[in-house]
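Undergrad: 3D model of this:
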Amino acid sequence: MTSSNHSLTPDAAGDIQWLASLSQDFAASLSMPETLDNAIAQIMSYLEVEAASIFLLDPGEATLTCLACAGAVDIRGLTVANGQGIVGRAVSSGQPQLVRDVAADGDFSGAIDALTGFRTRSILCAPLQVKGRKLGALEVINKRAADANFDAGDCQLLQALAGVVSLAIHNARMAEALLEQERMRRDLDLAREIQRGLLPQSPPGFPVCAINLPALEVSGDFYDFFPLPDGRIVWGLGDVSGKGMNAALLMAKTISLFRCLGKREPDIGRLLADLNDEIAETALFGMFVTMVLGTYEPASGAVRLVNAGHQPPLLRQRDGNYVEFAAAGPPLGVLPGMSYEAVALQLDGGRLFVFTDGVTEGLREDGSMLGLAGLQAIFDAHAGAAASDQLAAVADTLQSGGRRLRDDLTLLAIAPPPLLDREFPAESGVLAEVRATLEAALNGVGLAAEAVGELVLAVNEACMNIIQHGYAYAEGQVFRLRLWRDDGMLQVHLLDHGRPARLDDLCPRALDELRPGGLGVHFMRQLSDGIAYLPPPPGYDNLLQISKRLKA
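TA: Residues are numbered from 1 along each chain as shown. Coordinates of the predicted model:
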């Protein structure tokens, strides 16, 4: 051990080396208790004192609590007011306190000595702080050597120790905060996966589809749909007030109740009333759920819906006009005992869209709000695409450029599925399979055999154009074929990822150049009742529509 004046002895280098070693030990520890225990044990041994302790400020800086100590008396858990006693004085003043005779110091309390029989003679205490932020104090009591007392050298060394300990405490707290953040992130990831598992995915050919994109890790929006034994499909979409975990938990409860009660209660008005009573019974103050639910009969196209305080659903009729369906009652969970009245409608070639306010209040790339008119414009621009593609186009508009959503985004659509929806490799050898597949899908739709042959021939030529011109026979490419029946027309959609094209780019060939598979745009027009390039849905570069009228 060094002599009493550490700053002047030849062993000062030893003090520096020990401080460096202590710093490395602290750096290797990410646990606050382990950090404090290591610090206090080494300090007591190196300084040859009878007791040592570390007091830390509480978050409100009102009290100091002993979290680590060594010596004859265990004072862990002892709490003193900030500014009280010698420890509190060191913290409040930000200066080290050297008390050679505690009996002469009015701030010293002998309560612990009286209780334990330990005799405190002298105290050396240094504040713990990082960049002016007060953390607590490091205190040592009584030199072990007989008649020895603390001096200025001890004070300097303790101040240096306090700096090392302060950084160790700060780093340990940062590590604990990072670990807590990581734990919370994992919990949120798990919650997000659980939420995703509650939302169904549409099987191929299913007439109901939906998307949900949370603005944060978890969502307060939800949708659900499921078939009943009588052929009807029950569907619903809702939005829980607020955000975060509270909204996510209420979302999970609501969707679970909806799925359970919806399979037992055939009347959707009573179903919504039952949901309202269940949620009102346990909902936290100020929380509620807006919701639209209903049924759909694929065979007849009949829809029944009821609206509890939600955004009005939109029916896009086959002529392009829109009809809204306003709320029939208040949101769920506000007042028990409410009744709700259902509305009946026919799709009749139209499509029903239900959505949350995060859609209409979402921002486009130019910073303007999408609004109802903007939403309808997207639906109109992609009217020839599948309903799922229309929903994807809305999401793509509100997320363009990788922008973060302002609010949860959820949309649900009800529409008759296509008669055919299949992807093919972009190879000339696949054309025979394309023709056979299309012919099979056209069987029974009411199209005369001659008209079937014309439409198949026109589609064959269009597919050849995609393979030859769009992809230039590149390997590994695909195109998609869809067939729709819409308002007396058959619509064939060909979607691809090839070079963006226009009809003017595809010049008809002279008649003497015709060969199998090479009729050109000229004959495509003659064999159909119209061809046009439409705005492609997200994920595709071209959408070619070939139309054929169904004769009365």
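Undergrad: how far away is the nearest residue to A308 once chain neighbours are set aside from V430?
TA: Nearest residue to A308 in three dimensions, chain neighbours excluded: M291, at 4.9 Å (C-beta to C-beta, 6 or more residues apart in numbering). Yep, even glycine has a C-beta here, placed from its N, CA and C like the rest. According to C-beta to C-beta, to the nearest Å, M291 stands 46 Å off from V430.
Undergrad: what about these two, which has more around it?
TA: Set M291 next to V430 and count neighbours by other C-beta atoms under 10 Å: M291 wins out with 30 against 16.
Undergrad: what is the mean pLDDT for the helix or strand hosting that one?
TA: Using DSSP states H and E, M291 maps to strand 289-297. Across strand 289-297, pLDDT averages out at 96.
Undergrad: and that strand, which residues are buried?
TA: Buried residues in strand 289-297, counted by 16 or more other C-beta atoms under 10 Å: 289-297.
Undergrad: again, but for stretch 273-285
TA: Under the neighbour-count criterion of 16+ other C-beta under 10 Å, stretch 273-285 has 273-276, 278-280, 283 buried.
Undergrad: Kindly report the same for stretch 218-234.
TA: So, applying 16+ other C-beta under 10 Å, buried residues of stretch 218-234: 218-225, 232-234.
Undergrad: ditto for stretch 123-139
TA: The neighbour-count check on stretch 123-139 (16+ other C-beta under 10 Å) flags 123-129, 134-139 as buried.
Undergrad: Format those as CSV; extra columns: secondary structure.
TA: Below are the buried residues of stretch 123-139 laid out as CSV (DSSP: H, G, I helix; E, B strand; the rest coil):
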residue, secondary structure
I123, strand
L124, strand
C125, strand
A126, strand
P127, strand
L128, strand
Q129, strand
K134, strand
L135, strand
G136, strand
A137, strand
L138, strand
E139, strand
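Undergrad: wait, which of those is closest to Q201?
TA: Proximity of those to Q201 (C-beta to C-beta) peaks at L135, which lies at 52.2 Å.
Undergrad: all helices of the protein, in order?
TA: In the chain, the segments counted as helices under DSSP state H are 12-27, 32-47, 85-93, 111-116, 152-198, 244-262, 268-282, 357-360, 371-381, 387-399, 431-442, 449-465, 520-527.
Undergrad: The residue lying closest to L370 once chain neighbours are set aside: how many residues sit nearby?
TA: Of all residues not flanking L370 in the chain, G362 sits nearest, at 5.0 Å (C-beta to C-beta, 6+ apart). When counting by other C-beta under 10 Å, one arrives at 25 neighbours for G362.
Undergrad: Contact partners for G362?
TA: Contacts for G362 were tallied using C-beta atoms under 8 Å, 6 or more residues apart in numbering; they are 369-370, 398, 405-407, 409.
Undergrad: now, which of these lie within strands?
TA: L409 (DSSP state E).
Undergrad: R183: how many residues sit nearby?
TA: 10.
Undergrad: And for S400?
TA: Using other C-beta under 10 Å, the number of residues around S400 comes to 11.
Undergrad: now S428
TA: 12.
Undergrad: ok, so what distance separates the closest residue to it other than its chain neighbours from N460?
TA: Spatial nearest neighbour of S428, excluding adjacent residues (C-beta to C-beta, 6+ apart): I467 at 5.8 Å. From I467 over to N460 the distance is 11 Å, taken as C-beta to C-beta.
Undergrad: now do L138
TA: Distance of L138 to N460, given as C-beta to C-beta: 86 Å.
Undergrad: which residues touch R480?
TA: Counted by C-beta under 8 Å, 6+ apart, R480 has contacts 421-424, 493-496, 540.
Undergrad: what do you get if the cut-off is 10 Å, keeping everything else the same?
TA: Going by C-beta atoms under 10 Å, 6 or more residues apart in numbering, R480 touches 386, 421-424, 493-497, 539-540, 543.
Undergrad: now A440
TA: Applying C-beta under 10 Å, 6+ apart to A440 gives the contacts L420.
Undergrad: so how far is R318 from it?
TA: 26 Å.
Undergrad: If any of the contacts of G362 are buried, give me the ChimeraX selection for them.
TA: The buried residues among these can be selected in ChimeraX (16+ other C-beta under 10 Å) with this line:
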select :370,398,405,407,409
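Undergrad: okay if I get the contacts of G362 as JSON lines plus pLDDT and distance to L332?
TA: Shown next, in JSON lines, are the contacts of G362 (pLDDT from 0 to 100; distance: C-beta to C-beta, whole Å):
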{"residue": "M369", "pLDDT": "93", "distance to L332": "27"}
{"residue": "L370", "pLDDT": "94", "distance to L332": "26"}
{"residue": "L398", "pLDDT": "92", "distance to L332": "26"}
{"residue": "L405", "pLDDT": "84", "distance to L332": "24"}
{"residue": "R406", "pLDDT": "83", "distance to L332": "24"}
{"residue": "D407", "pLDDT": "85", "distance to L332": "19"}
{"residue": "L409", "pLDDT": "91", "distance to L332": "21"}
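Undergrad: what's the closest of the contacts of G362 to A327?
TA: Out of those, the member with the shortest distance to A327 (by C-beta to C-beta) is D407, at 19.1 Å.
Undergrad: ok, now how distant is that closest one from M184?
TA: D407 is 22 Å from M184, by C-beta to C-beta.
Undergrad: residues in contact with the nearest residue to S368 once chain neighbours are set aside?
TA: Using C-beta to C-beta, 6+ apart and skipping residues adjacent in sequence, the residue nearest S368 is G374, 8.0 Å away. Residues in contact with G374 (C-beta under 10 Å, 6+ apart) are 359-360, 362, 364, 368, 394, 397-398.
Undergrad: returning to that earlier point: need the buried residues of stretch 123-139 in a markdown table (columns: distance to C155 and pLDDT).
TA: As requested, those are arranged in a markdown table below (distance: C-beta to C-beta, whole Å; pLDDT from 0 to 100):
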| residue | distance to C155 | pLDDT |
| --- | --- | --- |
| I123 | 11 | 94 |
| L124 | 6 | 94 |
| C125 | 10 | 94 |
| A126 | 8 | 94 |
| P127 | 12 | 94 |
| L128 | 15 | 93 |
| Q129 | 16 | 92 |
| K134 | 19 | 92 |
| L135 | 19 | 92 |
| G136 | 18 | 92 |
| A137 | 14 | 93 |
| L138 | 12 | 93 |
| E139 | 12 | 93 |
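Undergrad: for G350, phi and psi?
TA: In terms of degrees, to the nearest 10, the main-chain angles of G350 are phi -90, psi -170.
Undergrad: confidence score at the nearest residue to it once chain neighbours are set aside?
TA: Distances taken as C-beta to C-beta, 6+ apart place Q317 nearest to G350, at 4.3 Å, with adjacent residues excluded. As predicted, Q317 sits at a pLDDT of 91.
Undergrad: Quick check: phi and psi at Q317.
TA: Backbone torsions of Q317, given as degrees, to the nearest 10, read phi -70, psi 160.
Undergrad: burial count for it?
TA: For Q317, the neighbour count with other C-beta under 10 Å is 15.
Undergrad: Going forward, the N-terminal residue is numbered 354.
TA: Yes, from this point I'll number from 354; that puts the last item at Q670.
Undergrad: wouldn't it be in contact with D701 here?
TA: Yes - under the criterion of C-beta atoms under 10 Å, Q670 makes contact with D701 at 7.3 Å.
Undergrad: Give me the neighbour count for the residue nearest to S781.
TA: Counted with other C-beta under 10 Å, the burial measure for I820 works out to 25 neighbours.
Undergrad: And A815, by the same measure?
TA: A815 is flanked by 25 other residues according to other C-beta under 10 Å.
Undergrad: Tell me the confidence at the nearest residue to E677 once chain neighbours are set aside?
TA: Counting by C-beta to C-beta, 6+ apart, P665 is the residue found nearest to E677 once chain neighbours are left out, at 4.0 Å. pLDDT, P665: 97.
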